[in-house]
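Engineer: Show me how the following folds:
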Amino acid sequence: MAALEILTIPDERLKQESLAVERFDDELRSFIADLEETRQHGPAAVGIAAPQVGRFQRIVIVDVSNTRKPVPNHGYMVLVNPEITHWDGYEIGREGCLSVPDYTGNVIRATHIRLKAQNPDGETLEYEMEGFEARAVQHEIDHLDGMLFIDRVVSRRTDLFQRKVYQKGKGKKGKSN
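Structural biologist: Numbering: from 1, shown residues only. From the prediction side, this is the model:
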């Protein structure tokens, strides 16, 4: 396993749409292991999408196992070819991103979603989720469609915030997706 380089704004490749995964093999599983190692190296990252490391396939990893709300949640998920099939409600919440390291922003997201995806072996999965878990998954799926959270803030003037950057040994950056 190896941590991969994360693309950051203004890299135009982050605007690229990703293609569906068609081959479920050892190479895919090896890439997913590298993607997970990359997520773990991020500052408190709960999610990562393949396009963030320059692979334009529909693969995301979300880990909300350390999140208190909602309970229960699905914990650690590897979602291949994810598709939101239903959404309901909305709320504004603060988001950050490994590909936008210097900013956080307020984004409107659905509060409840239904999701269909495949696992790394190609088996079909279905989920219902809400709250932070639903927000994190929506954020990562946006990457697959060439969207960043900064594309969804209502106003860059009032809803985009410079992230505090701490000196080494003085604290950690906030959560990132």
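Engineer: Just the strands from the chain, written as ranges.
Structural biologist: 47-49, 59-63, 76-88, 91-97, 100-109, 112-118, 124-130, 160-162 (DSSP state E).
Engineer: buried sites along the fifth one?
Structural biologist: Right, the one you point to is strand 100-109. 100-101, 103-107, 109 (16 or more other C-beta atoms under 10 Å). For glycine as for every other residue, the C-beta is placed from the backbone atoms N, C-alpha and C.
Engineer: possible to save those as TSV with distance to residue 85?
Structural biologist: Formatted as TSV, the buried residues of strand 100-109 follow (distance: C-beta to C-beta, whole Å):
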residue	distance to residue 85
100	28
101	32
103	31
104	29
105	27
106	26
107	21
109	16
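Engineer: Mind telling me the two of the residues you listed farthest from one another?
Structural biologist: Pairwise distances across the buried residues of strand 100-109 (C-beta to C-beta) peak at 20.8 Å, for the pair 101 and 109.
Engineer: can you pull the contacts of residue 81?
Structural biologist: 20-21, 58, 117-118 (C-beta atoms under 8 Å, 6 or more residues apart in numbering).
Engineer: Narrow these to those that are buried.
Structural biologist: Buried among the contacts of residue 81 (16+ other C-beta under 10 Å): 21, 58, 117-118.
Engineer: How many neighbouring residues does the closest residue to residue 111 other than its chain neighbours have?
Structural biologist: Excluding the flanking residues, the one nearest residue 111 by C-beta to C-beta, 6 or more residues apart in numbering is residue 89, at 3.6 Å. Number of residues near residue 89 (other C-beta atoms under 10 Å) recorded here: 11.
Engineer: Thanks a lot, see you next time.
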